[in-house]
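J.: the sequence and its predicted three-dimensional model are supplied below.
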Amino acid sequence: MNILYYELTSLLRSEDAIKADLQEMNEEIDRVLEHYTRLSVSRKPYWEVQEVLDQLANLPPTHFDTDDARAVFARRADPQGEQYWQEGPSSNLVLRGMINERAHVPDILLSGVIGPREANDLFERFMQYWNHGLGLLDPAIHSPRTLLQRCPLLFTIVLTIASRDYPARPNLYPRLLQQAKLSASAALVDGLKDADTVQALLLVAAYPPPVQRFTDDRTSLFVGMALRMATDLNLHRASRKAPSSRTEALELANHTRTWRACLLLDGWSAVKHGRLPTLRASSSTPRATDVREIQSEFEYRIFKVVNEFMQFAKSSNGTLDYMEITTSFNNQILALRDEIHHVFHRVEDRDQQSGMLRNAILKQTIEYARMVVYSFGFTKSLQQGNYWGGDYTIMCLEAASASVIGLLERLAPLPLFRCSPDAWFEYAAFSAAFLLKLLRPQFQNVIRGSQRARVADLVKRLVDMYRSPAVALQIENHLPRVLADFLERAASHIPEYIAAAGSRGLTRSPRHNPSPPHGMSGGAFNLSPGESLATAICGSIPEWWEYLDRELPGQLPA
């Protein structure tokens, strides 16, 4: 009996010793965090901050025994050089959550702009209305609390995007946007590098802050930073690892999902700006496992074909048969269209809003891709002396009309569409801008009479739709409304458009603007989709933009 009592007493003392050591450890964490995060980290030398983070990274979970806990404090005396190559706190979710919860509480909460209840509400709205764009967040691992623990920047960005359409507080978005910009700057300079920060950057690129001018758009910069951080973190290798637990499987799936979004936005940005993709075409593409991932994979493959076409066509000499080239790549795009139909026509949610949106945006991406390919051939035809664009004129007319009709009839009626990434609004706008070009006098022998009236009416319907509450959010400079203003300004001198506007009813008071010149060389069409939206739809000469800036500096004309 005495022996048993002695052993039990010893065991209790041992547990007390462990608890005492763990309490001491937690107090040490609090002390270090308070000391090094009370002021801005940027005010301290980098090596000093790194030393503290490395020391924190070496702290064990609270289930370690006393000897291990004491060993951690003993290792703190090791030279800095031995710690330099160790992984930091970003690789340890538990430690990262500890640091973020205690030291990196988002400013949108600290400043009282929103409270916890509103944060929960905004998160739920994001998951319901906005997550369909990239499909980055997984309810199995993402919640308001876990976002706070994983990445305060991602928490801020998610809530800011959701506040774009928040009936309870219609004016909340500008306030959160200002805080989000400050948080993004601080996170890039002083924050941890992890997959969640990559996701935050990708979301900013997909739902960028509204701008007044194309030159102010920083989407490609956000994409570039996300790609660089993703490759630093080796996210492209996540799909090759075999998980040892469900938790690890969810985390690897999160990394794979993030890398797939990187590939998609890189391909989209390259097509938009007419540049080479940052990531090589041979970059590993993870295998899709659900319908949302399959959608992203198809979008990436479509952009991959377009980028390959642009690289091939731009690097080739002038002796190639561009009709043969464009036909070949167009056939690849059509093959993808058939594959998409084969894959998705049997999915369970095909008749639900999510399934209809997925089907509609993939069709829209197909038409956009065909339009980009045909417009390049159209440009080459003009440059080679064919004043009417040859066969490409009708091909572009068909593809552009299909793109605009697809948005009006398939996408716009879906409530989720108004909460879509900005890129989805640009597809039809680029096509509509091209349709307006085809209404210029030099093409009147190819596109005649009633056909010109139908084209003008189609563009007018798109303008009205982009201004309607069904698509345009009640925030300043939401992209659909900006694109509608650009298109109508570009069409203000076209008789058929004026007639279409009169028959449908003017949506805004007319304003006298100088008409862009009717004459046009082939070089005026030699623009990327993004450049076309920025310049060509408002005339083919820089003086058009100079006039706008001179008349109304700093703002768009009413």
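T.: Now that the structure is in, tell me what you want to look at.

J.: helix, strand, or coil at L408?
T.: helix (DSSP: H, G, I helix; E, B strand; the rest coil).

J.: run through the strands of the stretch 151-300 of the chain in chain order.
T.: Read by DSSP state E, counting those that start in this stretch, the stretch 151-300 of the chain holds no strands at all.

J.: okay, now the unreliable bits of it?
T.: For the stretch 151-300 of the chain, the stretches with pLDDT under 70 are 239, 281-286, 288.

J.: could you pull out the helices for it?
T.: 152-162, 172-190, 195-206, 219-232, 246-273, 291-315 (DSSP state H, counting those that start in this stretch).

J.: now render those as a markdown table, adding distance to K380 and mean neighbour count.
T.: C-beta: built from backbone N, CA, C; applies to glycine. Listed next are the helices of the stretch 151-300 of the chain as a markdown table, based on distance: least, CB to CB, whole Å; neighbours: other CB atoms under 10 Å:
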| stretch | distance to K380 | mean neighbour count |
| --- | --- | --- |
| helix 152-162 | 40 | 27 |
| helix 172-190 | 41 | 18 |
| helix 195-206 | 31 | 26 |
| helix 219-232 | 26 | 19 |
| helix 246-273 | 18 | 21 |
| helix 291-315 | 8 | 19 |
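
J.: and of those helices, who's closest to A423?
T.: Comparison of those against A423 by CB to CB identifies helix 246-273 as nearest, at 5.5 Å.

J.: same for the closest one, what does it pack against?
T.: Applying 3 or more CB pairs under 8 Å, 6 or more residues apart in numbering; DSSP states H and E, we find helix 246-273 packed against helix 195-206, helix 219-232, helix 291-315, helix 422-438, helix 529-531.

J.: now the terminal residues of stretch 163-181, how far apart.
T.: 15 Å (CA to CA, to the nearest Å).

J.: so where does L137 fall, helix or strand?
T.: Counting by DSSP states H and E, no helix or strand carries L137.

J.: mind listing what it touches?
T.: Residues near L137 by CB atoms under 8 Å, 6 or more residues apart in numbering: F126, M127, N131, V158, Q199.

J.: between these, which is nearest R358?
T.: Distances from R358 to these, taken by CB to CB, are shortest for N131, at 13.1 Å.

J.: quick check: phi and psi at that closest one.
T.: phi -70, psi -20 (degrees, to the nearest 10).

J.: tell me the pLDDT at the closest residue to it other than its chain neighbours?
T.: Leaving out its chain neighbours, the residue that sits closest to N131 by CB to CB, 6 or more residues apart in numbering is L137, at 5.3 Å. L137 is assigned a predicted lDDT (pLDDT) of 94.

J.: can I get the helices of the stretch 151-300 of the chain in a markdown table with distance to H142?
T.: Shown next, in a markdown table, are the helices of the stretch 151-300 of the chain (distance: least, CB to CB, whole Å):
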| stretch | distance to H142 |
| --- | --- |
| helix 152-162 | 9 |
| helix 172-190 | 18 |
| helix 195-206 | 9 |
| helix 219-232 | 18 |
| helix 246-273 | 9 |
| helix 291-315 | 14 |
